[in-house]
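# Kindly generate the corresponding structure for this input.
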Amino acid sequence: FVRLSPSWSRTLRYETHELLARPYLERVHPDDVDAVRTELEKLRVTGEPVRLESRIGTSDGSWRSIAWTLTLDLASGLIHGVGRDITADKEAHEALQQAEKAVRSAQKMEAIGQLTGGVAHDFNNLLQVIGGNLYLLAKDVVGREQSEQRVRHALAGVARGAKLASQLLAFGRRQPLAPKVVNLGRFVRGLDDMLRRALGEGIQIETIVSGGLWNTLVDPFQVENALLNLAINARDAMKGHGHLTIEAGNAYLDDAYTLANPDATPGQYVMLAVTDTGSGIAPEVLDRVFEPFFTTKPEGQGTGLGLSMVYGFVRQSGGHLKIYSEPGQGTTVRMYLPRARAEEDLPTAMEAGPVTGGSETVLVAEDDEDVRDTVVDMLVELGYRVLKARDAQGALVIIESGIPIDLLFTDVVMPGPLRSPELARKARERLPGIAVLFTSGYTANAIVHDGRLDDGVELLSKPYSRDEMARKIRYVLRTQQQRNAASKVLTGLPAASAEAPADIRGLRIVLVEDDDLVREGTSAMLSTMDLVVCEAADGASAMQLVLTGPVDVMIVDVGLPDMSGIDLAVKAVAQRPGLRVIFASGYDVVLTDDHRALLPHVASLRKPYSAEDLVRELQTVSR
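I've put the predicted structure just below:
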C-alpha cells in the first residue's frame, strides 16, 4: 500500500497505520486470493482496467464484500483502485433468492395439497363403501369363526386406509381440527411412556421444558400424532440406538427471520423441537422431505407421509415448521405454534354410550351410488325410515314435497348448482325442526374455514363405522329435539308461573348454552318455576356472571364455542366453592377422577330434557 482513503478505516475498523503495515492480499479472504492475483496479473500485463469482487477482513473477524475497479498508471507503475462496499446488497440479494425459493416451495406444496385432498375424498368414498358393507356382512357371519376373522382382517385394512387418507388430508390442510388451549410442556411429559414403548430400549429420551412456557391453541390429537411420527423417523435414522431430545420453549420470530422464511409470520410462538443423533439428511434431499410419499427408506418400510402430515398440521394451525440436518450429525425438526393467552383447557372424556337406533325419518343426500346404498342399508338396519337423493337438488324436491323428515344426512361435496350448505339452509326454512348432519371425506372449505368447522355445524368424517354413525345421528337428533322442545316452550308459555318444589325454591341459576333457541327455551322453563336465571352464550360471559353476582347452580352445555363446559365449571367452582353444576349434552358425560375431585356437587342432563328433568337434577345437586 502507498496510500489509503479514510473509508478503509471506517469500513474495516482498523487504524490507517495498521492497514499500511500489511500487504493487501493478507486482508483478502483465503478463498478469494487466487482470483484477485489473477486479475492483478491481467492488469499488469494488458494495462486495461479490471473489475473484481473480494471479501476483506475487518477488525472484529467479519468479512465485507467489496466491488473493485482497478486501473494501472503506466507512468508510475502504481495501481489505483476504487472500491464499493456491496455487503448489504449481496445479503439482500441472497435473502431475496432464499425468499423466492421458499415461495416456490410453498406454491408447490399448496398444489400438491390440492391434489392429495381430492384424492383423499375419492379414497374415503371407496373406504366407506367397503367398510359399510363389511359391517353389514359381519352380522351374516356370526358364529362362523373363519368368516368372522376374514371380516376383522378386512376391517383392519379399512382402518389402515382411513389413517392414510387422514394423513393426506392433514398434509393438504383439509383436516377439520379440534383445537384446545394446551400447555405443551405438561402435554409432552404425559407422552413419555407411549414414546418409550414405541421407540424401544435402545433410544434414550430426554425431555426439556423451559420455565414459564406459554400456552398454545392446537389440536392435542394432532400434536401427539406429529410427535409420534417425528420420533419414529428419528428411531429409524438412529437404527434403533441413539439419543432423542424433545424440547419445548418460548420463541419469537422477528422480521429478519420471516424475510428468509416467507411462510412464517412475525410473533410469539411455542417451539416444540425433536432432535436425534441419527444419520442426518443430505442437502439435496432436505428440500423434498415434506412432500407426500417421498421417502428415503427401503420399499415397504415407510409411506413417506409422516413429515408431510406434520407439515400440514403445523401450517393449518397457523404455525411454522423448520428442519435442520447435517449428514452424520443428526436432525432437528422445530414446530412453531402460535402463543395462546387463554388458560389451559383440562382434558375431558365423552362416553360413547351404547349403540342405539331409532324410528325417525332420515333423508340421505349422496352422489356416490355405492356409498348411498351402503349408508341406507346401515340406517335401515338401525330401525330408521330412510329417503334418498343423488344430489342436493333432488333432496330439496323431497323436502318440498311435504314428507315429514327428522334428519338431513348430506354429503358436503356433490355435483350440481345447489351446494350442500345452501340445501341445509333451504331445508331449515321449509322444515324448521329438521336436524342436519354433514358427511365428507374432504370438506373443500364449504363448512370448514381456517381449519375449523363453522359454528353450529355437525360433521361425520368418512370413512365412518356403523357404530360411529349411529352415535353421531342420535346425538344430532337429541340436540335438535331439545331445540324443538325449546321452541314449543317459547311459543306456548303458560300464563302463570308454576311454583318450584320447596327444596329448589329461590335458587339463582347461571344458564350457559351457545344455541340461542335451546338457551331461551330452557330459561323460559326455569322462569315458569319462578327461579332466578341469568343467561350466557359462552364461557367468558358465564365467568363474568359467576364473579359479579350471586349464583347457586350453573347449568352448562359441554360444547361451548370458546372452551369446554367442563373446563368452565372447574374454573367457576374454583372461584365459588360450593357452586353446584349440571352438565347438559346430547352425549353421556363422563368425568375424569381429577374433574370429580374438583366438582363435588355435579349432575348431568341428557338432551332432549323436559322441565321435569330440570327439576329432578336441580334437586339432585341441592341435596
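
# what's the domain layout of the protein?
When the chain is parsed with automatic domain parsing, its domains come out as 6-85, 96-171, 180-280+297-340, 350-490, 493-622.

# To Leu286, which of the ones you listed lies closest?
Closest to Leu286 of the domains of the chain, according to C-beta to C-beta: domain 180-280+297-340, at 6.1 Å. In this view, the C-beta of every residue, glycine as well, is placed from N, C-alpha and C.

# between the domains of the chain, which gets the lowest average pLDDT?
Among the domains of the chain, domain 96-171 has the lowest mean pLDDT, at a mean of 71.

# what kind of secondary structure is Gln204 in?
Classification of Gln204 using DSSP: H, G, I helix; E, B strand; the rest coil returns strand.

# What of the one 3 residues further on?
Assigned by three-state DSSP, the conformation of Thr207 is strand.

# residue contacts, it?
Counting by C-beta atoms under 8 Å, 6 or more residues apart in numbering, Thr207 touches Val188, Arg189, Asp192, Thr245, Ile246, Glu247, Ala248.

# if you set the cut-off to 7 Å instead, what comes out?
Val188, Arg189, Asp192, Ile246 (C-beta atoms under 7 Å, 6 or more residues apart in numbering).

# Just the buried residues of these.
Val188, Ile246 (16 or more other C-beta atoms under 10 Å).

# Redo the contacts of Thr207 as a markdown table? Include distance to Ala162 and secondary structure.
Listed next are the contacts of Thr207 as a markdown table, based on distance: C-beta to C-beta, whole Å; DSSP: H, G, I helix; E, B strand; the rest coil:
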| residue | distance to Ala162 | secondary structure |
| --- | --- | --- |
| Val188 | 27 | helix |
| Arg189 | 30 | helix |
| Asp192 | 28 | helix |
| Ile246 | 28 | strand |
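
# Tell me the one of the contacts of Thr207 nearest Ser420?
Nearest to Ser420 among the contacts of Thr207, counting by C-beta to C-beta, is Val188 at 38.9 Å.

# can I assume the closest one is in contact with Glu247?
No: look at Val188 against Glu247 with C-beta atoms under 7 Å: they stay out of range, at 9.0 Å.

# Once you drop chain neighbours, what's closest to Gly47?
Excluding its sequence neighbours, the residue lying closest to Gly47 (C-beta to C-beta, 6 or more residues apart in numbering) is Leu72, at 5.4 Å.

# How many residues are close by the one you found?
Neighbours of Leu72 under the rule other C-beta atoms under 10 Å: 19.

# Pipe the domains of the chain into TSV and attach distance to Asp287 per row.
Listed next are these as TSV, based on distance: least, C-beta to C-beta, whole Å:
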stretch	distance to Asp287
domain 6-85	25
domain 96-171	7
domain 180-280+297-340	10
domain 350-490	25
domain 493-622	40
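
# need the next SSE after the host helix or strand of His153, C-terminal direction.
For His153, the host element (DSSP states H and E) is helix 145-171. Moving toward the C-terminus from helix 145-171, the first helix or strand encountered (DSSP H and E) is strand 180-182.

# separation between the residue nearest to Gly47 and Glu26?
From Leu72 across to Glu26, the span is 21 Å (C-beta to C-beta, to the nearest Å).

# One more: Gly131?
For Gly131, the distance to Glu26 equals 75 Å [C-beta to C-beta].

# Looking only at neighbour counts, state which of these two leads.
Counted by other C-beta under 10 Å, Gly131 and Glu26 do not tie: Gly131 has more neighbours, with 24 against 9.

# Just give the number of residues close to the closest residue to that one other than its chain neighbours.
In this structure, Gly131 finds its nearest non-sequential neighbour in Val158, 4.2 Å apart by C-beta to C-beta, 6+ apart. Val158 has 20 neighbours, counted by other C-beta under 10 Å.

# I'd say Val158 and Ile130 touch.
Yes: the pair formed by Val158 and Ile130 meets the contact definition of C-beta under 7 Å, at 5.7 Å.

# Let me see the contact set for the closest residue to Ala237 other than its chain neighbours.
Nearest non-adjacent residue to Ala237, counting by C-beta to C-beta, 6+ apart: Gly278, 2.9 Å away. By C-beta under 7 Å, 6+ apart, Gly278 lies in contact with Ala234, Ala237, Met238, Gly242, Gly330, Thr331.

# And these, which is closest to Ser523?
Nearest to Ser523 out of these is Ala234 (C-beta to C-beta; 54.2 Å).

# Please, which helix or strand holds the closest one?
In this assignment (DSSP H and E), Ala234 forms part of helix 220-237.

# by contact count, what packs against that helix?
helix 192-199, strand 267-276, helix 306-316, strand 330-340 (3 or more C-beta pairs under 7 Å, 6 or more residues apart in numbering; DSSP states H and E).

# got the angle for the last one vs helix 306-316?
By that I understand strand 330-340. 20 degrees (axes from the mean of the first three to the mean of the last three C-alpha atoms, to 10 degrees).
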